[in-house]
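1. Quick one, structure for this:
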Amino acid sequence: MQELDQAISELEQARHEVPLARSIDDLGIGGSVAHFKRYEVRRCIGEGGMGRIYQAYDPVLRRDVAVKVMRHDVPEAERRRFRREAIFGARFCHPSIVRIYDMGEHRSEDGRPIEWFSMEHLPGSDLERVLGRASSHGRRLPLISVVDIFRQVLAALQYSHDCYVVHRDVKPANIYVTRDPNTRFMTTKLLDFGIALDLDGPENYEVLCGNPFYMAPEQTRRGAAIDARADVYAAGLSFYEVLTGKHPLDDFRRSPLETVLSAQSKFTAPPPSRLLPPDTSPRIASAVDMIYERATAKEPSERFQSARDMAEAMMVFLSPV
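-> Sure thing, here's the model as predicted:
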């Protein structure tokens, strides 16, 4: 592997050193290429506090896209989140992370600038809505589906962590279940890196950044360093919720923010096995409890030390055989 890496590096260096003969169609080193991109907006498919998401069509590449448009009156902090989501999404290249294609600015009819970015269109639904529909019909997601969903989510998290980026907002609402447009296989995508933390940046901590019901204890403490294990904690809470249909901190839904944050450090939820169907095998019940307990340990040093470790434990202990 080391020899292969060296050979690739030498080829890349040689390619950059080859003198280029100018021709009539040469772009010119140091110049720029401009292209006017046009999307045909078809319908609104979502709306939130920052703006709307539209389904649109790219007539050049002949594909549907989603165009996320930011409202003109959102605060600057939200604008930074919007841009960060686009930048990280464009930087990453992973099958379980939503792809960002382009970013730009549109002038409204009254001349106000409106920022937008385009991304892959995902027919399907986020996991929060899937859970809501299943609950309304008295159903649960089967264990084999839950394990497959989190296998893909944890792979996406491991990739982002390898890129020195902590998501900080892992929750069912940011996990999207869709179908591959070509194979039609079910697949899972991790969304919204808007509050992601770049560990190569100037600081690696921030207070109260994320959803309080999915925040790791260290995220609630001023000055505490944040790393990839905060995402493991949130994945553990999400795993409990998706598997059982009940969030570990559901009893705190109407509590003040300070109480919820304190519960992340002090409260211990009942083992998830108590909420599983009565016919669940003891082996599976014990494995579910172990994985949840390891993922959501209050001290980062006692958790799974990576998303990969958590995924491997799920595949070993929750496999059908």
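2. what ranges do the strands span in the stretch 101-250 of the chain?
-> With strands called from DSSP state E, counting those that start in this stretch, the stretch 101-250 of the chain shows them at 113-120, 124-126, 165-166, 175-179, 186-190, 197-198.
3. quick one: the first one to strand 175-179, angle?
-> Think strand 113-120. 50 degrees (axes from the mean of the first three to the mean of the last three Cα atoms, to 10 degrees).
4. Wait, Leu143 touches Met314, no?
-> No: taking contacts as Cβ atoms under 8 Å, Leu143 lies outside contact range of Met314: 10.2 Å. The way it works is simple: take the backbone N, C-alpha and C, and place the C-beta from them, glycine included.
5. Just to check, Arg308 is in contact with Asp162?
-> No: Arg308 is not in contact with Asp162 according to Cβ under 8 Å; the separation is 9.3 Å.
6. Who has more neighbours out of these two?
-> Arg308 (18 against 13; other Cβ atoms under 10 Å).
7. Run through the stretch 201-321 of the chain and note the low-pLDDT ranges.
-> 201-208, 320-321 (pLDDT under 70).
8. distance between stretch 76-85 and the chain's centre?
-> 16 Å (Cα atoms, centre = their mean, to the nearest Å).
9. Quick one: residues in contact with that stretch.
-> 49-51, 68, 70, 74, 100, 103, 115, 117, 192-196 (Cβ atoms under 8 Å, 6 or more residues apart in numbering).
10. Mind exporting the C-alpha coordinates of it to PDB?
-> C-alpha atoms of stretch 76-85 as PDB (Å, rounded to 0.1, in the frame of the first residue of the first chain):
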ATOM      1  CA  GLU A  76     -26.200  36.100  10.100                       C
ATOM      2  CA  ALA A  77     -25.600  33.100  12.400                       C
ATOM      3  CA  GLU A  78     -28.100  31.100  10.500                       C
ATOM      4  CA  ARG A  79     -26.600  32.300   7.200                       C
ATOM      5  CA  ARG A  80     -23.300  30.900   8.300                       C
ATOM      6  CA  ARG A  81     -24.900  27.600   9.100                       C
ATOM      7  CA  PHE A  82     -26.600  27.500   5.700                       C
ATOM      8  CA  ARG A  83     -23.200  28.100   4.000                       C
ATOM      9  CA  ARG A  84     -21.400  25.600   6.200                       C
ATOM     10  CA  GLU A  85     -24.000  22.900   5.300                       C
END
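11. sorry, back to before: Leu143 and Met314: which has the busier surroundings?
-> Neighbour tally, Leu143 and Met314, criterion other Cβ under 10 Å: the higher count belongs to Met314, 22 against 16.
12. my read: the more buried one touches Val147, true?
-> Yes: using Cβ under 8 Å, Met314 is in contact with Val147, at 5.5 Å.
13. contacting residues for the spatially most central residue of the chain?
-> Centre of the chain computed as the mean C-alpha position; nearest residue by Cα atoms, centre = their mean is Leu190, 3.2 Å away. Counting by Cβ under 8 Å, 6+ apart, Leu190 touches Ser96, Ile97, Val98, Val153, Ala156, Leu157, Ser160, His167, Val170, Asn174, Ile175, Tyr176.
14. Could you rerun that using 6 Å?
-> For Leu190, the contact set (Cβ atoms under 6 Å, 6 or more residues apart in numbering) comprises Ser96, Ile97, Val153, Ala156.
15. follow-up on the earlier one: give me whichever of the strands of the stretch 101-250 of the chain is most buried.
-> Most buried of those by mean neighbour count (mean count of other Cβ atoms under 10 Å) is strand 165-166; its value is a mean of 22.
16. Pairing partners for that strand, with directions?
-> Sheet pairing of strand 165-166 (DSSP bridges) gives strand 197-198 (antiparallel).
17. So which bits of the helix ranked longest in the chain are buried?
-> In the chain, assigned by DSSP state H, the helix with the most residues is helix 143-162. If you call a residue buried by 16 or more other Cβ atoms under 10 Å, then helix 143-162 has these buried ones: 143, 145-161.
18. roughly how far apart are the nearest residue to Arg229 once chain neighbours are set aside and Leu318?
-> Of all residues not flanking Arg229 in the chain, Pro300 sits nearest, at 4.3 Å (Cβ to Cβ, 6 or more residues apart in numbering). Counting by Cβ to Cβ, to the nearest Å, the gap from Pro300 to Leu318 is 23 Å.
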